[in-house]
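[1] okay, structure incoming, though there's no sequence with it:
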């Protein structure tokens, strides 16, 4: 214990030398953004490729102008708007029947990524990219997009376009209001909850589920159109749930986790924006309500895990011990190639614990440890050291007090 304390004291003294001459006292700016950490993006729910893509999109445009210039009247904005236009297939065409116009989501994605990475950090462009990813990749794309919007707001609050001018946040809030209004409709209509083979269309959205529920409550489980077209009658809710339990349990369980991460991401983003804008903060209750509805339906579709399925299976043993000599299970902590992979594992553990123990402080402590591990020494010690006696505070925090 004495050796640990001595090492900590040496570390603190070294850090004071590193930061004492570099830091000058500054007057707090009440309008400056809170230095809140970005929401961790766990490897278990987002591929490394997608994480690297987010990091590229979040890099500053230039050192002098991290957010780049405002490009609202650039031709690329018009190109993206036109590419988003599409016809509603549910509306009757009558004598003006023609091929339906469809949005070009891959083109929209490509143009938005070029803009954010190389030309201008614009919140509306990020919102359109959120939409494009969601239309192409469902809840996984939505999680990527919400993570991008959240991190752009936190990392570039002051310079992010559209900027806040003279305390008027209307322009900044407009893309967030679009997310609440238009994007929430996209989630309800176009995000598949599950796919049922042999059905047309195979994808079932939240709107489809709500219509099915409404028909059953009204006592009309079959749609008149299906009966007239000699199509098989639609499945009932219980049939859909049984199909999901038998064939899609693992897939839907992962989808449920992603939706819950989307909710967490939205809530932390809302808390940050509320802190910055106060009474001018937007209301995103429609999107939150839609995500909550998705979560509830998926909870019905995911089969309950049996106790034996929730425990980790034991590794096969070469030589079996006698029952009386069985040793307690030991977690094997190996297989990491570098420290980044080890910290990624802590991230994944924090995500799992936040799902199974949402009221426990443990996930937040794990994420704090990960954030500390990724900080350079001066920045880490600047967070810890504020006044004399911080060494004792650090010792207590780490549980090293005798």
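    That came through, no problem. Because the structure is a prediction, the values reported are computed rather than measured.
[2] domain ranges for this structure, per the record?
    Domain segmentation of the chain under automatic domain parsing yields 36-86+102-306, 338-397.
[3] where in the chain is pLDDT low?
    Within the chain, the stretches falling below the threshold (pLDDT under 70) are 1-44, 88-98, 220-232, 305-338, 340-341, 343-345, 347-348, 350-359, 374, 377-402.
[4] hmm, try it at 90
    1-49, 51, 85-102, 166-167, 194-204, 208-251, 300, 302-402 (pLDDT under 90).
[5] format the domains of the chain as a markdown table; extra columns: mean neighbour count.
    Glycine gets a C-beta too; all of them are placed from N, C-alpha and C. Listed next are those as a markdown table, based on neighbours: other CB atoms under 10 Å:
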| stretch | mean neighbour count |
| --- | --- |
| domain 36-86+102-306 | 17 |
| domain 338-397 | 14 |
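[6] hmm, who's touching the helix or strand residue 174 falls within?
    Following DSSP states H and E, one finds residue 174 within helix 170-178. Contact partners of helix 170-178, identified using CB atoms under 8 Å, 6 or more residues apart in numbering, comprise 123-124, 126-127, 160, 162-165, 273, 277, 280-282, 284.
[7] which of those residues sits closest to residue 53?
    The closest of the contacts of helix 170-178 to residue 53 turns out to be residue 126 (CB to CB; 13.2 Å).
[8] that closest one should be in a helix, yeah?
    Yes. The assignment for residue 126 by DSSP: H, G, I helix; E, B strand; the rest coil puts it in a helix.
[9] could you measure the closest residue in space to residue 145 that isn't next to it in sequence against residue 164, distance?
    On the basis of CB to CB, 6 or more residues apart in numbering, the spatially nearest residue to residue 145 that is not a chain neighbour turns out to be residue 130, at 2.9 Å. Separation of residue 130 from residue 164 (CB to CB, to the nearest Å): 21 Å.
[10] now do the helices in the stretch 101-250 of the chain.
    Listed in chain order, the helices found in the stretch 101-250 of the chain under DSSP state H, counting those that start in this stretch are 105-114, 123-155, 170-178, 184-190, 206-218, 224-228, 237-247, 249-277.
[11] CSV for those helices, including distance to residue 76?
    Converted to CSV, these look like this (distance: least, CB to CB, whole Å):
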stretch, distance to residue 76
helix 105-114, 6
helix 123-155, 9
helix 170-178, 16
helix 184-190, 22
helix 206-218, 32
helix 224-228, 42
helix 237-247, 42
helix 249-277, 26
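[12] looking at the ones you listed, which is closest to residue 66?
    So among these, helix 123-155 is nearest, using CB to CB, at 8.7 Å.
[13] what inclination does the closest one have with respect to helix 249-277?
    Angle of helix 123-155 versus helix 249-277, following axes from the mean of the first three to the mean of the last three CA atoms, to 10 degrees, is 80 degrees.
[14] for helix 123-155, packing partners?
    Packing contacts for helix 123-155, counted by 3 or more CB pairs under 8 Å, 6 or more residues apart in numbering; DSSP states H and E, involve helix 48-58, helix 75-84, helix 105-114, helix 170-178, helix 184-190, helix 249-277.
[15] surely residue 100 is in contact with residue 85?
    No. Counting by CB atoms under 8 Å, residue 100 stays clear of residue 85, with 11.2 Å between them.
[16] hang on, residue 372 in a helix?
    Yes. Counting by three-state DSSP, residue 372 falls inside a helix.
[17] could you number the chain from 70 rather than 1 from now on?
    All set: I'll call the first residue 70, so the last point we hit is now residue 441.
[18] next one: it from residue 219, what distance?
    21 Å.
[19] straight-line length of stretch 239-255, end to end?
    Stretch 239-255 has an end-to-end distance of 23 Å (criterion: CA to CA, to the nearest Å).
[20] isn't residue 202 right up against residue 181?
    No. Contact status for residue 202 versus residue 181: not in contact, 9.2 Å apart, counting by CB under 8 Å.
[21] what is in contact with these two at once?
    Joint contacts of residue 202 and residue 181 (CB under 8 Å, 6+ apart) do not exist.
[22] quick one: residue 135 is in a strand?
    No. Counting by three-state DSSP, residue 135 is not part of a strand but coil.
[23] any idea how far it lies from residue 214?
    For residue 135, the distance to residue 214 - CB to CB - is 21 Å.
[24] and for residue 129?
    Residue 129 is 20 Å from residue 214, by CB to CB.
[25] check contacts around the residue nearest to residue 214.
    By CB under 8 Å, 6+ apart, the neighbours of residue 199 are 210-211, 214-215, 217-218, 248, 252.
[26] run the last query once more with 7 Å
    Residue 199 makes contact with 214-215, 217-218, 252, according to CB atoms under 7 Å, 6 or more residues apart in numbering.
[27] among these, which one sits closest to residue 360?
    residue 215 (9.4 Å).
[28] list the contacts of the closest one.
    Listed by CB under 7 Å, 6+ apart, the contact set of residue 215 reads 199, 331, 334-335.
[29] 8 Å instead, please
    Residue 215 neighbours (CB under 8 Å, 6+ apart): 199, 331, 334-335, 338.
[30] among the helices and strands packed on helix 192-224, which comes closest to residue 312?
    With CB to CB as the measure, helix 318-346 is the member of the helices and strands packed on helix 192-224 nearest residue 312 (10.6 Å).
[31] give the other helices and strands that the closest one contacts.
    helix 192-224, helix 239-247, strand 261-264, helix 354-370, helix 408-425.
[32] end to end on stretch 126-146, go ahead and measure it.
    End-to-end distance for stretch 126-146: 17 Å, by CA to CA.
[33] how much space between the closest residue to residue 248 other than its chain neighbours and residue 169?
    Counting by CB to CB, 6+ apart, residue 248 lies nearest to residue 196, which is 5.3 Å off, once chain neighbours are set aside. Separation of residue 196 from residue 169 (CB to CB): 24 Å.
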